[in-house]
Each structure stands twice: as structure tokens, then as C-alpha cells.
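S.K.: here is a sequence together with a model predicted from it:
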Amino acid sequence: MELWLKHYLSLFFDFEHFGNLNWLAIPLFFYFVATIKKRKRWEIAIVFVLFLSCLFLLGTAKGRSNPRYIFTLYPFTLAVIFLYGWELIKKKRHSLQIGILIICGIAVLFNFYQHKETYSYFWKHRVTPKNLNLAYERIDFINKTEDINSNNLVLVCCHRYLFYYHTDKKGIYHRDPRLKTFYRQKNKEAAFDMLKNQLKVKYIFRNWNFRPTGFLSDIIANDCDLLIEDGSGYLYKIRENNNKEEGSK
Amino acid sequence: MILFSLQFILTNIIFSTIICTALIRLNKEKKHSNLELSLFCLGLGPVFTSLLLYYLLLLFPYHSNLFYLSAVLIIYLFLSFLGRNYFSILWKDITEKIKKAKKIFKNLSTYHQIELILISSLIIFLLASFLFLYLTNTLQTPLDGTDSLRYGTFGKIFFVEKSLEYRWIRPYPKTGFYLILNHAPSFSILLTWEKIMDSFFNADKDLYYKSLSTYYGLLILSIMFFWLCRKNKYLALLGIFSLLSGYAFFHTLITQHLDSYRIFFLIISWIYLAYAIDKKDTLSFLLLGIFSGFASFSHTIGAVIVIFNCFALFIFMKGNLKYKLTKTTFIIALIITCGGLHYILDTFWGFGWIIFKRGITYWG
């Protein structure tokens, strides 16, 4: 049941993202189909396109899991509900019209109240921004440092667009095909050598929600110095001499 | 902020008005309201500029900023020449509507006048407060958000290289940027446009690019209000608050994203789908094709959904087979011209779009 309501029928029942009036499209749709012989061609065409679009967007896994995709239909569907709904009640008693508008208004206010924390969180962080979790310090450091070039790259782990947009420095994304050989190395020394000497990585730019695994986790823990930890992540510098060399000395 | 204001007024208002007056030429029989057309056209300035730059970068790459700026301005000058007689008609229409509204207001009872003043004041107050907070706070924060950064990075690359080829070459040699993107670069090119204009003022900012999401979100709200207000003013108020009560829409007003941008063109394409089937006039077919094209130019979702528009037009339009085929082919040609061409290039010579999904490294 939850799968149907939250995914396949999310446009109508995901009240947080799409309000709590969109479900009215379902009974209006059935009424429309029942009275299809009275409908004009353009009305049938619009419902046809909306129906196909809905099937397309909800039919793909990406569409079901990402509310942004089905959001495509939300404004137009809502407008159609109001316009078609008004056509049905416009010849009814004035008091009935007012009553229906008041009930819908209460439902809208209730939805605002129900999700007030979501609204207040984003109001605080986007409209009157406080506690911004942006990589100001890391970006600033990278832009000012002069030793990032073709021979000294930044390994960009997650949220790569932040690095590539806000800096003009050279980086290598952790899922770049060139990293395949790094991940397939048989031991840590070989992986470290590949990363440092062949791929020429000097810095590691990491977001807080990126969990490094395998050799990369080991290298970050044992062979790097943490330069910056800011609101959204970390910047490491690979040590010039690694632990093994220091140990042997 | 002054430079941002200049870019905003030029691209979103002046360019949109020029396009509107060029289109009003086709509305001689007054089958469409010029006010409605001008409202829809407010969204055309940025996307049409993006389309012009797309073709310029594709066909005439590696030229200077002055070349691209001049080319775009010359094309708009030509369009303004086409619509030169219709500026006054548009202005006259708007002033007549205002006079009519004043007359209606004077004839209302005191109770209804107060009611209207209160509703208008509420909307103006909410809009002004939001815009004040938005311009002083939200717009000033650095660009954040995966998608807007992603499209923005491409916009930067197009500006630096003055070519679209790095859309299909990965990684980008100068920075190592690595991404395969299915969508047409219309949103990215708007940052390229901003940077081209900035280069003449020694500025480097992205305020205009960041403002697009909110601009198109407010346009969607305006269109909803406009349509619902024709029925009942309280229905219109309910409509806009209901739209905002869905957090997904509220989010587009305060973040930098292309969702409102791509959804705007789809909504208008559906409106003109209805007009084309109902009125069957040239302007409706033209605008159906143009807005469908821009919907496809903005995102892959638009590119797929406009195919449904074509099916719907063919199936539900009245007329014989030849008539239907002619009109649908006309719409398809417009869709390709107004942005669908990118997907044809990508499918056969690029990454294969969503059809072949291949990754080639070098252009050609």
C-alpha cells in the first residue's frame, strides 16, 4: 500500500511535496471519463497527454524515486483540478461554492502546518540564510594555493560540481575511469604509489557524506594531513613521505 | 547588483517584449489575448537567447565575446524591426486593460472595493517581502545544489572554450571535469550568456544564472493566478497558496535549479496544444511548436513529453489525414529547430542520448 501511495501515486498522495489537494484529480478523472462524450476534443487531448506523461514519469524507477521528476506535472495538474472543479460547481448555489473553497483553504493551511518544520528549515537556510554548510574555506584554499596543476591534482570525492564550478583547478573525480586501476591494486603500497606518483594526486577534497572505502580509506587515515574541516567536508594533503618511509628511517 | 539588474531587464524583459511584439503580428484576428501572450512571452527572452547562443557556438565556435554578443543583439534588432508597429498595439492593449479595470473598480460597491484592495495588498505585500529577502539574502549566497552546479560547470566551459565540443569530450582536459549529461545545454548556456556580458564590465558573477529558478517559479505562479482569476479571485488565491503548500514548488523559489524553467515551457505548450486543437489558428500552432521545442531544449523529460503533444495533436485535431500530417510535421519541425536538434546530434554523433547510451571520448 505504501509503495503505491508514496511511489506509483506519489503525485496524488505525497502531501509533503505536492500538497493535499492533488488527490482530487483521481475522482475528477473518473468523472471526466464517465462524461467523455460531452467533452471537447482539446479537453480529451490535455487529459490524454497528462495521463501518458504520468505513466512515463512514474513508469521509470528514477521517476518513482525522485519527486523532482513527477513534480513536472504538479502545477498543471493542480490548475486543471481547480479549473475543472470550478466548472462543475459554478452553477451551484453561492453558499456551496464558498463552503467548498473554505474547506479547500483549511486543507491547504493544514498542510502548511503539518510540514511547518520543513518550511521553517528551508526558510532559515535559504531565504534568511544562517549556518550555511558551504565549503567556503576549502574552496578559498584551493583557489589561493599555487601548487595545484597538471602534476599536482585534487582527488574529488563526491559533490564534484562544487569543486569544478567554484575553482578553475585541476581535479580527478573518484569515479573517473582512470581510477579503476587504483581501486584494483593488490596492496596498499601499490595503490598509494599509483595515486600519488602516477595519477599525481596531492590533495583530497571530500564531502562529509562520502565514506571512503578500501585503500582510499587507509590512505586518508594514515598518509594524509587534514588541512581544513569546514561546514560541509574535508580537505587533505597527501604527505610527501609516507608512513613506511618514515618507519624505516 | 547593477549589472545583474541590467542583464535581467535586457534578457528577461526587453528581449521577451521584442519576441512578443514579433508574435503579435500573427494575432491580427485577435483570437488570443495580447495580455496573456505577453505574460507567456516573459519566459521566452532567456530561452531564445540560449537557443541563439547554442547555434552560434555550434556553427561559429572560437570567436570573441563581442562576436556572440553582437550576433545576439543583431538578431533581436531584426525581431524588433519585424514587430516595430506592434509595440504601440501592445502598449495600447495594456493601457486599455488598466482603464477598464479602473472603470470596473469605480463601479463596485464600497464593500467589494475594500475586498479587492485587501486581496491586492496581501499579494503585493507577500511578493515584495519575499523579493526583498530573496534579493538581499538568497541570491547573494554562493551557488549550491548538485544540478545547478553541474549545469553551471558546463556553462563555464562553454564560455572559456567558445565551443560546444566539450559537451561531448570527457574529461575536460583543463580541469579534469568528467560527466555525461543527457539534457540539452539550454540552462548552462544562460550562465555562458551572463559571463559573456560580464566580460565587458570586468565582472565575474552568477547572479543572473542563480535568479532563473525563482523567476520562472514566479511566472508559473502568475500564470496560475491569471487563469484562475478569470473564474473567481478567491479561487485564484486558493490556487497559488495550494501550489505553494506543496513543498516541491516552494523549493524551486528558493533554490537554484532548472525545474521551474523546464516546467514553465511544458505548461505553456499544453495551453497552446488546447488552443491549436480548438481554434486551429496559425499562432496557436506556431506557439505550440515553439514552446514544445523549448521544453525539449530544457530537459530530456520535456523532449519525451513533447512527443506526446504531437500524438495528441494528430489524434484529436479535426481534419483529414493530409491536414493532420501537415500540421503535425510543422510542429515537429519547430520542435527540432527550437532545441530538439540537440538530441538528434547527441543520438547519432554524441553519447547516444537515452537511446544508445554510449560514451565516446572525442568529438567526431
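M.R.: Alright, I've got the coordinates.
S.K.: use CA for all of it now, contacts and neighbours both
M.R.: OK.
S.K.: go ahead and flag the most central residue of chain B.
M.R.: Most central in chain B under CA atoms, centre = their mean is B:Gly43, positioned 3.8 Å from the mean C-alpha point.
S.K.: hmm, it is touching B:Gly217, no?
M.R.: No: taking contacts as CA atoms under 8 Å, B:Gly43 lies outside contact range of B:Gly217: 10.5 Å.
S.K.: got the domain ranges for chain A?
M.R.: What automatic domain parsing lists as the domains of chain A is A:2-124, A:136-247.
S.K.: what mean pLDDT does the last one get?
M.R.: The reference is to domain A:136-247. In this model, domain A:136-247 has an average pLDDT of 83.
S.K.: pLDDT weak spots in chain B?
M.R.: Counting by pLDDT under 70, chain B has low-confidence residues at B:357-364.
S.K.: redo that, cut-off 80
M.R.: For chain B, the stretches with pLDDT under 80 are B:28, B:168-171, B:178-181, B:350-364.
S.K.: before we move on, the earlier item: who touches both of B:Gly43 and B:Gly217?
M.R.: The contact sets of B:Gly43 and B:Gly217 overlap at B:Phe264 (CA atoms under 8 Å, 6 or more residues apart in numbering or on different chains).
S.K.: just the CA coordinates for stretch B:289-302, please, in PDB.
M.R.: Below are the C-alpha coordinates for stretch B:289-302, written out as PDB (Å, rounded to 0.1, in the frame of the first residue of the first chain):
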ATOM      1  CA  GLY B 289       5.800  24.200 -31.700                       C
ATOM      2  CA  ILE B 290       8.000  26.900 -30.100                       C
ATOM      3  CA  PHE B 291       7.100  26.100 -26.500                       C
ATOM      4  CA  SER B 292       7.300  22.300 -27.100                       C
ATOM      5  CA  GLY B 293      10.700  22.900 -28.700                       C
ATOM      6  CA  PHE B 294      11.900  24.900 -25.700                       C
ATOM      7  CA  ALA B 295      10.500  22.300 -23.300                       C
ATOM      8  CA  SER B 296      12.700  19.700 -25.100                       C
ATOM      9  CA  PHE B 297      15.600  22.100 -25.200                       C
ATOM     10  CA  SER B 298      15.500  22.500 -21.400                       C
ATOM     11  CA  HIS B 299      15.400  18.800 -20.300                       C
ATOM     12  CA  THR B 300      15.100  15.200 -21.500                       C
ATOM     13  CA  ILE B 301      11.800  14.900 -19.700                       C
ATOM     14  CA  GLY B 302      10.500  17.700 -22.000                       C
END
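S.K.: please enumerate residues in contact with it?
M.R.: With contact meaning CA under 8 Å, 6+ apart, stretch B:289-302 is reached by A:69, B:47, B:182-187, B:261-266, B:268-269, B:303-304, B:306, B:309, B:330-340, B:342.
S.K.: in the longest helix belonging to chain A, what counts as buried?
M.R.: The longest helix of chain A (DSSP state H) is helix A:94-114. With burial defined by 16 or more other CA atoms under 10 Å in any protein chain shown, the residues of helix A:94-114 counted as buried are A:101, A:104-105, A:107-108, A:111-112.
S.K.: enumerate every residue touching the closest residue to A:Glu229 other than its chain neighbours.
M.R.: Nearest residue to A:Glu229, sequence neighbours excluded (CA to CA, 6 or more residues apart in numbering or on different chains): A:Leu235, at 6.6 Å. If a contact means CA under 8 Å, 6+ apart, then A:Leu235 has A:138, A:203-206, A:226-229 as its contacts.
S.K.: give me the neighbour count for B:Lys97.
M.R.: Counted with other CA atoms under 10 Å in any protein chain shown, the neighbours of B:Lys97 add up to 13.
S.K.: cool, and A:Ile44?
M.R.: A:Ile44 has 18 neighbouring residues, counting by other CA under 10 Å.
S.K.: circling back to that earlier point, can I have the buried ones of the contacts of stretch B:289-302 as a PyMOL selection?
M.R.: The following PyMOL line selects those of those that are buried, judged by 16+ other CA under 10 Å:
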select buried, (chain A and resi 69) or (chain B and resi 47+182+183+184+185+186+187+261+262+263+264+265+266+268+269+303+306+309+331+332+333+334+335+336+337+338+339+340+342)
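S.K.: in helices only, show me the contacts of stretch B:289-302.
M.R.: The helices, defined by DSSP H, take in A:69, B:47, B:186-187, B:261-266, B:268-269, B:303-304, B:306, B:309, B:330-335, B:342 from these.
S.K.: need the strands for the chain, in chain order.
M.R.: Just so you know, I chose chain A. Ranges of strands in chain A, per DSSP state E, are A:153-157, A:171-173, A:201-207, A:224-229, A:233-238.
S.K.: not what I meant, chain B
M.R.: Read by DSSP E, chain B holds no strands at all.
S.K.: next, count neighbours for A:Lys92.
M.R.: When counting by other CA under 10 Å, one arrives at 11 neighbours for A:Lys92.
S.K.: spit out the contact partners of B:Met1.
M.R.: Residues near B:Met1 by CA under 8 Å, 6+ apart: none.
S.K.: relative to chain A, how far out is it?
M.R.: According to CA to the nearest CA, to the nearest Å, B:Met1 stands 18 Å off from chain A.
S.K.: okay if I get the domains of chain A as CSV plus distance to B:Asn202?
M.R.: Output for the domains of chain A, formatted as CSV (distance: least, CA to CA, whole Å):
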stretch, distance to B:Asn202
domain A:2-124, 33
domain A:136-247, 17
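S.K.: to B:Trp193, which of the ones you listed lies closest?
M.R.: domain A:136-247 (16.0 Å; CA to CA).
S.K.: chain center to that closest one: distance?
M.R.: 24 Å (CA atoms, centre = their mean, to the nearest Å).
S.K.: also stretch B:105-120?
M.R.: With CA atoms, centre = their mean as the basis, stretch B:105-120 stands 34 Å off its chain's centre.
S.K.: is it anywhere near chain A?
M.R.: No: applying CA under 8 Å from any CA of the partner chain, one finds stretch B:105-120 separated from chain A by no less than 15.0 Å.
S.K.: gap between the closest residue to B:Ser80 other than its chain neighbours and B:Ile271?
M.R.: Ranked by CA to CA, 6+ apart and with sequence neighbours excluded, the top spatial neighbour of B:Ser80 is B:Ile18, at 5.3 Å. According to CA to CA, to the nearest Å, B:Ile18 stands 22 Å off from B:Ile271.
S.K.: neighbour count: these two, which is higher?
M.R.: Per other CA under 10 Å, whichever of B:Ile18 and B:Ile271 has more neighbours is B:Ile18, with 26 against 18.
S.K.: list the contacts for the more buried one?
M.R.: B:76, B:79-80, B:83.
S.K.: which one of those sits closest to A:Lys90?
M.R.: B:Gly83 (39.8 Å).
S.K.: contacting residues around the nearest residue to the closest one once chain neighbours are set aside?
M.R.: Using CA to CA, 6+ apart and skipping the chain neighbours, the partner closest in space to B:Gly83 is B:Ala22 (4.2 Å). Contact analysis of B:Ala22 by CA under 8 Å, 6+ apart lists B:79-80, B:82-84, B:86.
S.K.: what two of those residues are the furthest from one another?
M.R.: Largest separation among the contacts of B:Ala22 by CA to CA: B:Leu79 and B:Tyr86, giving 11.4 Å.
S.K.: what about the residue of the stretch 51-200 of chain B found nearest chain A, neighbour count?
M.R.: Closest contact between the stretch 51-200 of chain B and chain A, by CA to the nearest CA, is at B:Thr175 (4.0 Å). Residues lying near B:Thr175 (other CA under 10 Å) number 20.
S.K.: now for it: which residues touch it?
M.R.: Neighbouring residues of B:Thr175 by CA under 8 Å, 6+ apart: A:164, A:168-171.
S.K.: which ones among those residues lie within helices?
M.R.: A:Tyr164.
S.K.: can you turn the buried part of the contacts of B:Thr175 into a PyMOL selection?
M.R.: With 16+ other CA under 10 Å as the criterion, this PyMOL line picks the buried residues out of those:
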select buried, chain A and resi 164+169+170+171
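S.K.: which of the residues in stretch A:45-62 are buried?
M.R.: Under the neighbour-count criterion of 16+ other CA under 10 Å, stretch A:45-62 has A:45-50, A:53-54, A:57-58 buried.
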